[in-house]
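>>> pasting a predicted model and its sequence here:
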Amino acid sequence: MTISGDFGVWIAALLTLCVFSFLYKDNPLYKFAEHLFVGVSAGYYIALNYWTVVDQYLVVPLRATFDGSLPGGPFDARMQDYRAWLIIPAVLGVLLFTRLFTRLSWMSRWSLAVVMGVYAGLKTTGFAQGDLVAQVQASLIPLWIPGNLWASLNAILFTIGLVTSLLFFFYSREHKGVLGGVSRVGVWFLMISFGAGYGYTVMSRVSLLIGRFQFLLVDWLHVR
Amino acid sequence: MKREIPLFLTAVIGAIVLAGFFVPHQFISVPADYFQRCAVIVVAFGYALGGANLVRVNLEGIARRHPDWPYKVVLLVGMLVTLVFGLFVDRAKFQDPGTVSIWIYDNIYVPMNSTMFALLAFFIASAAFRAFRVRTAEAALLAVSALIVMIGRVPLGDAIMAGVFDHPGLPDWVRHLRLEPLQQWIMDWPQNAAKRAILIGAAMGVMATGLRVILGIERSYLGGSD
């Protein structure tokens, strides 16, 4: 058995063991890995957002606007080319940092207002189109498929499950009588769904666990 | 005015972005696209704000000699090193092979990220074992479907039951009761029906919340004071 000589693999393996040590109990090795993870992720995502968003959509276009390399004036904006108008999001971005100062923190609301307005507008139509209409459309399936009893039964079961589960979320009337009975059936379907979702999540985590053991045994210790 | 101006901004910008979906004219689509660009940039600044807050909180902890202060130093050093290499050394090519930034990502971030999530396998299972009791029909449904999906999704689990359901003396339809096809059936039909109902309900909830934000009824994002 030959152990890996790659420094990166050693670091990754030791950090993996540090995180796994939490299975015994909270300990200094885990705390070290945990804090390093938070620091590295924060640094990585700040750099990622700087180069993929701030630099690409703000710094580069603003530099091109003011170094005279673009034809037309600095405010001669058109679709996807906003030139000096990009100073506004730059100012709004800087205003976000007023949150760090109690007396000035109210100014960060202007930046938040822009973000909230945009995402409220986007999500209202986005969810209507992408989720509501698409899901309803995909759920409108024929209940009777000639010559295929099994598929027909599944389609009927699916429709009953969908309608009863939706009715369970109807809170404008008390769940009594017919609505109570129907929503009870909806609860059964929801329970099956939560159970399946739980099992699916556990198995995806187990799959990650197997991946980490494969890394330790194969990539690090070279056990074949 | 500290609340009215943000509410006005949200309403106007929200209405323009919403209208941009229905009105393809440049009078609406250009400002709608511009505001989307603004939001993306402001959100990117938000990451830097998060980093600045992390530095502030941890520096305070170090200055006050909080019991865990050495770990706070580890956090700040990890963040600083990643930032310096990402922003000033590797610069725009920081995700390219051979850079220090991608080495940090591949050998520190990715292994710890996967191991943290892998740990959840133990904690989800132990939490369920300790807290979950099958006392009602609904709880039984949840437990049975979870067990079928968990065992049926691994080759070993399916192979155990295959010996029973693949017996040559049994009719063909019995093979559908093997755990692998059974868990797939659960995922495709009953699970899918309830999941779609949740998605449809959530979509309506998001739409209603979006309209409440635009109309100024939902104001919690402004915070509590003045």
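Thanks, I have it.
>>> does the least confident helix or strand in chain B by mean pLDDT reach chain A?
Here the helix or strand of chain B ranked lowest by mean pLDDT, DSSP states H and E is helix B:155-165, holding a mean of 80. No: using Cβ under 8 Å from any Cβ of the partner chain, helix B:155-165 stays clear of chain A, coming no nearer than 9.9 Å. Heads up, the C-betas are built off the backbone N, CA and C, glycines and all.
>>> list the buried residues in the helix or strand just after that helix.
Scanning forward in sequence from helix B:155-165 by DSSP states H and E, the next helix or strand is helix B:179-188. Neighbour counts using 16 or more other Cβ atoms under 10 Å in any protein chain shown place B:179-180, B:182-183, B:185-187 of helix B:179-188 among the buried residues.
>>> tell me the centre residue of chain B?
residue B:117 (12.4 Å; Cα atoms, centre = their mean).
>>> could you list the buried residues of the least confident helix or strand of chain B?
B:157-158, B:161, B:165.
>>> please apply the same query to stretch B:103-116.
So for stretch B:103-116, counting by 16+ other Cβ under 10 Å, buried means B:103-105, B:107-109, B:111-115.
>>> can you get me the start-to-end distance on that stretch?
Using Cα to Cα, to the nearest Å, the end-to-end distance of stretch B:103-116 comes to 19 Å.
>>> state the mean pLDDT of that stretch.
Averaged across stretch B:103-116, the pLDDT comes to 97.
>>> what does it rub up against?
A:8-9, A:11-13, A:15-16, A:19-20, A:33, A:36-37, A:40-41, A:44, A:208, A:211-212, A:215, B:78, B:81-82, B:85, B:95 (Cβ atoms under 8 Å, 6 or more residues apart in numbering or on different chains).
>>> quick one: neighbours of residue A:49, just the number.
Neighbourhood size, residue A:49 [other Cβ atoms under 10 Å in any protein chain shown]: 21.
>>> which ones are touching it?
By Cβ under 8 Å, 6+ apart, the contact set of residue A:49 is B:43-44, B:47-48.
>>> export those residues to CSV and tack on neighbour count and distance to chain A?
Putting those into CSV (neighbours: other Cβ atoms under 10 Å in any protein chain shown; distance: Cβ to the nearest Cβ, whole Å) gives the following:
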residue, neighbour count, distance to chain A
B:43, 18, 6
B:44, 24, 4
B:47, 18, 4
B:48, 20, 6
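>>> tell me the SS of the closest residue to residue A:41 other than its chain neighbours?
Leaving aside its sequence neighbours, residue A:41 sits nearest to residue B:109 (Cβ to Cβ, 6 or more residues apart in numbering or on different chains; 6.1 Å). Recorded secondary structure, residue B:109: helix (DSSP: H, G, I helix; E, B strand; the rest coil).
>>> so how far is residue A:18 from residue B:109?
14 Å (Cβ to Cβ, to the nearest Å).
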